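*Asks:* structure for the following, please:
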Amino acid sequence: MSRDLFGFDTRSGDRQPGAEVELTLILHREGASAWLLGEGLDAREAQWVPKSQVRRGEGRDENVWSMPAWLARDRGWI
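*Replies:* Numbering: from 1, shown residues only. Next up is the predicted model:
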């Protein structure tokens, strides 16, 4: 087993503060300081994420979101 007590993958180094992931997610709503993102079309299963922690792709990659691994894990996306 490669995960520690807190669920971090000790081999990949995702415990490091700068560890980021890129996910393909659907934007359901946008607020002044957060986005409502989800894996599917059902907005009831979407999660709010702070704009200060997440970057949105541009152009053809507008549904690709970069965020810290801990945030994606907290929202249940990884």
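
*Asks:* now the strands: where do they sit in the chain?
*Replies:* 20-24, 26-30, 34-38, 47-50, 55-56, 64-68 (DSSP state E).

*Asks:* out of these, which gets nearest to Trp77?
*Replies:* strand 20-24 (5.6 Å; CB to CB). (Glycine included, C-beta is placed from N, CA and C.)

*Asks:* what's near enough to touch the closest residue to Ile78 other than its chain neighbours?
*Replies:* For Ile78, ignoring the flanking residues on the chain, the nearest one in space by CB to CB, 6 or more residues apart in numbering is Ala72 at 4.7 Å. Neighbour list for Ala72: Val21, Leu23, Ile78 [criterion: CB atoms under 8 Å, 6 or more residues apart in numbering].

*Asks:* in PyMOL, how would I select just the buried ones from these?
*Replies:* In PyMOL, this line selects whichever of the contacts of Ala72 come out buried by 16 or more other CB atoms under 10 Å:
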select buried, resi 21+23
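
*Asks:* flag the least confident of the contacts of Ala72.
*Replies:* pLDDT is lowest at Ile78 among these; the value there is 89.

*Asks:* does that residue really touch Met67, like I thought?
*Replies:* No: look at Ile78 against Met67 with CB atoms under 8 Å: they stay out of range, at 9.9 Å.

*Asks:* who touches both of those two?
*Replies:* What both Ile78 and Met67 touch, as defined by CB under 8 Å, 6+ apart, is the set Val21, Leu23.

*Asks:* gap between the residue nearest to Ile78 and Leu23?
*Replies:* Between Ala72 and Leu23 the computed distance is 6 Å (CB to CB, to the nearest Å).

*Asks:* hey, what's in contact with both of the two?
*Replies:* Each of Ile78 lies in contact with both Ala72 and Leu23 under the rule CB under 8 Å, 6+ apart.

*Asks:* just the CA atoms of stretch 52-66, as PDB, please.
*Replies:* The C-alpha trace of stretch 52-66 is given here as PDB (Å, rounded to 0.1, in the frame of the first residue of the first chain):
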ATOM      1  CA  SER A  52      -8.000  31.900  -5.600                       C
ATOM      2  CA  GLN A  53      -7.000  28.200  -5.600                       C
ATOM      3  CA  VAL A  54      -8.100  27.100  -9.100                       C
ATOM      4  CA  ARG A  55      -7.000  28.100 -12.700                       C
ATOM      5  CA  ARG A  56      -9.300  27.600 -15.700                       C
ATOM      6  CA  GLY A  57      -7.900  26.600 -19.100                       C
ATOM      7  CA  GLU A  58      -8.200  28.900 -22.100                       C
ATOM      8  CA  GLY A  59      -9.700  28.300 -25.500                       C
ATOM      9  CA  ARG A  60     -10.300  24.700 -26.300                       C
ATOM     10  CA  ASP A  61      -9.200  23.800 -22.800                       C
ATOM     11  CA  GLU A  62     -11.800  25.900 -21.000                       C
ATOM     12  CA  ASN A  63     -13.100  22.800 -19.200                       C
ATOM     13  CA  VAL A  64      -9.600  21.800 -17.900                       C
ATOM     14  CA  TRP A  65      -9.100  23.100 -14.400                       C
ATOM     15  CA  SER A  66      -5.800  23.200 -12.500                       C
END
